[in-house]
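[1] quick check, what structure comes out for this input:
(2 chains)
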Amino acid sequence: MTIKRVFEEAKKLLEEAGYPGARIGIPKSPEFGEAYSSLPFEMASKANENPMSIAEKIVSKIKKSRLIDTVEIAPPGYLNFRVNWPFFASLTINEVLEHGRQYAFSNVGKGEHILIEHTSVNPNKALHVGHARNVCIGDLLARLYSKTGHSVTVLNYIDDSGAQMAELLLGFLELGYSEEPPPGMRFDEYCGDIVYIEVNRRAERDPEIDNKRREIARQIEMHGSEAFRKARAIADRVLRDQLQTCARLGARYDILCRESDVITFNLWDEAFRRLKDSGVLYLANEGAKKGCWCIDLSGHEVLSKEGDEVLVKSDGGTTYVARDIGFAIWKLGESSTDFKYSVWGKNPDGSDILITDLNGERKFEKGHPKIVINVIDSRQKRPQAIIKYALSKMGIDPGRYIHFSYEPVTLSSRSAKLLGMGTDAKQVHMSGRKGIYFKVDEILDRLREIALTETVKRHPEWDEEKLKYVSEAIAVASLRYSLLKADTDKMVVFDIEESSRIEGDTGPYILYSVARAYRIMEKASNAKIVIDTRPPNNLEASEKELIRAIAHLPLIVEETLESLMIKKLVTHSRQLAMRFNDFYESCPVIVSGELAGFRLALVKSYIESQIGLMDVIGLPILKEM
RNA sequence: GGGCCCGUAGCUCAGCAUGGACAGAGCGCCGGCCUUCUAAGUCGGAGGUCGAGGGUUCGAGUCCCUCCGGGCCCGCCA
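    Numbering: from 1, shown residues only, chains lettered A, B, ... in the order given. The predicted model follows:
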């Protein structure tokens, strides 16, 4: 908490001088010290006095401390606080070395339960780059909460009973598609790239096929039917492949919830009763929605402008929003029933992945989550808002239900053209139906090839296994970084050429700086240099900057937990790497004589703070590359 | 028609939540740095009406309003 400590100290000094409650900020440039206050400006406008003279008055009353030994006035009236660098450096480095990669991640969660739902890709196709954004965001949140002491459950919702399954079934059962993919092709790719697309194309032209599709869609809904059983089996098979891709991206899961089970558990019935009791539900007697149970949205500031939402169709079936309301109650730990599970598989870290199963033997305690985070793209803001409104009407705090919204990934027109889609637009939306998308695995494979070429150049002596391991890590780092550094409020325009870079502002930049740091550790060890946390009196500018960046990390983590602006973590990771590279250029370690021990401590501090952050972002760590 | 998001260098984007000191990176372009720890790096140069206008303020890229441009959502689909 070192930079926070500087802020608190500055605040305290001002308070002791008779100016309580001042706001302290981070100066833009190191020349302005480590903390600043614009208090003189605020006072000047009230007192009708010159900020500079007020600043002088304040400074004359401030007593210095061991941590802050200089307070300066800078025109036109800033107060700049400077730390006692040797003391500050030693505090920071000792704190990092004491906590290791847990530095900056305090146990604020205290075991509180958090449930995070992400991925939730329909089980009829391989993941494309748009899905990858969801996976990476959700996984980062899960990592962040885990690392800060929360008890996290990661949930993946498997819609195995929706209309999109009907296309596959139609292909396999009626149109003669083999259930075995061509050699060398994964089942999920086969389903998404061939069966799904071709069946769709045929259904568009042939009303007969379209009718059959509708018929199968109806049958899938019937629990225990042949179509139901078949849909489940195919979904399970696709899911195997999909989760392999997710594992490749570094994501892990605790429970998989099948929509077919959610329906069977009748979570909706409970929600229906509670909504009806609250009086927000009504049966439409006339108009276009005659015979439907609708939720009355007139009490909602925004939703009221767009009309009420149907929850139960006139044929008695539930809509997606209704089922999601029921599921939300369960996720929040507010329902009276719970699922049973069986073991579905294992995460790369060895933990079990459970799947809902009516006859399952396993229980899973997700607890009563403090918050439930649903990672879903921004196009679902309206239905998600309706769910929150419904929760509030049932007496459940809607603040506990968070729709973590992000803008979708689109394709640059250059990349869309590569996929055979002519367009004049700057970017186009991906479409599984039309085959306009890049699959996650093909992107990773491409990145891995590029990384491999570079790695072989540098390390011709490495064996194949090592080369593969390193280039895979670089590929994953590259993709994760590019999807996570973007503001979640901004569309990611994916361009296959652009994202094939592994230089500049990319994931490998971070990995490379760490690999260099590890090399210094190794050489220092050979040279028998021992870590010494006592700083010299005169620190180099690049040393100070590196220490500053390290000292800021706890504040960044705290702010991210508060605001959930996850890109802050990514931006700071790059910031740290840049500061380290500056240091690397200007401050040699091994040959620096008396300074070697301290500089080595600084290198070690960089490694610990950076890899701690990389743990959360999900960037793989390489000691050599 | 109603609602949400975006608009900063040729391109891709930080910075905006919590207003403050010269608006920062990367890519691309031009020119340097490998007989001191990995050049996937680094240094320098060129490149900006922060979409437009108004308002609040001592001070606005940041807050408020209007407008313009782009994207998305508003189904008895999920």
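[2] pick out the residue in the stretch 351-500 of chain A sitting closest to RNA strand B.
    A:D487 (2.9 Å; Cβ to the nearest atom of the strand). The way it works is simple: take the backbone N, C-alpha and C, and place the C-beta from them, glycine included.
[3] cool, and the stretch 151-300 of chain A?
    Closest point on the stretch 151-300 of chain A to RNA strand B, by Cβ to the nearest atom of the strand, is A:G162, at 4.0 Å.
[4] need the contact list for the closest residue to that residue other than its chain neighbours.
    Residue nearest to A:G162 in three dimensions, not counting chain neighbours: A:N122, with 6.5 Å by Cβ to Cβ, 6 or more residues apart in numbering. Applying Cβ atoms under 8 Å, 6 or more residues apart in numbering to A:N122 gives the contacts A:D159, A:G162, A:Q164, A:M165.
[5] surely the first one meets A:T119?
    No: in this structure, A:D159 is not within contact of A:T119 by Cβ atoms under 8 Å, at 11.4 Å.
[6] between these two, point out the one with more neighbours.
    Set A:D159 next to A:T119 and count neighbours by other Cβ atoms under 10 Å: A:T119 wins out with 25 against 21.
[7] that one and A:A132 touch, don't they?
    No: applying Cβ under 8 Å, one finds A:T119 not in contact with A:A132, separated by 9.7 Å.
[8] would a markdown table of the contacts of A:N122 with secondary structure be doable?
    Formatted as a markdown table, those follow (DSSP: H, G, I helix; E, B strand; the rest coil):
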| residue | secondary structure |
| --- | --- |
| A:D159 | coil |
| A:G162 | coil |
| A:Q164 | helix |
| A:M165 | helix |
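[9] state the pLDDT value of the residue of the stretch 151-300 of chain A closest to RNA strand B.
    A:G162 is assigned a predicted lDDT (pLDDT) of 81.
[10] how about A:M1?
    So A:M1 comes in at 59 (pLDDT).
[11] got the confidence number for the closest residue to A:I450 other than its chain neighbours?
    Spatial nearest neighbour of A:I450, excluding adjacent residues (Cβ to Cβ, 6+ apart): A:S500 at 5.8 Å. pLDDT, A:S500: 92.
[12] same question for the one 4 residues further on.
    The pLDDT attached to A:G504 in the predicted structure is 94.
[13] ok, the one 3 residues further on next?
    On the pLDDT scale, A:G507 is placed at 97.
[14] tell me the contacts of it?
    A:I474, A:V476, A:A477, A:S478, A:L479, A:R480, A:Y481, A:S482, A:L619.
[15] how about 6 Å then?
    A:A477, A:S478, A:Y481, A:L619 (Cβ atoms under 6 Å, 6 or more residues apart in numbering).
[16] tell me which two of these sit farthest apart.
    A:S478 and A:L619 (9.5 Å; Cβ to Cβ).
[17] low-scoring stretches of the stretch 1-150 of chain A, by residue?
    Applying pLDDT under 70 to the stretch 1-150 of chain A flags residues A:1.
[18] got the residues of it near RNA strand B?
    A:25, A:27-29, A:31-33, A:36, A:38, A:41-42, A:44-45, A:74, A:76, A:78, A:80, A:122 (Cβ under 7 Å from any atom of the strand).
[19] now do 10 Å
    A:23-33, A:35-46, A:48, A:51, A:72-81, A:120, A:122 (Cβ under 10 Å from any atom of the strand).
[20] kindly indicate whether the residue of the stretch 451-600 of chain A found nearest RNA strand B is helix, strand or coil.
    Residue of the stretch 451-600 of chain A nearest RNA strand B, by Cβ to the nearest atom of the strand: A:G504 (2.4 Å). At A:G504 the chain is in coil, as set by three-state DSSP.
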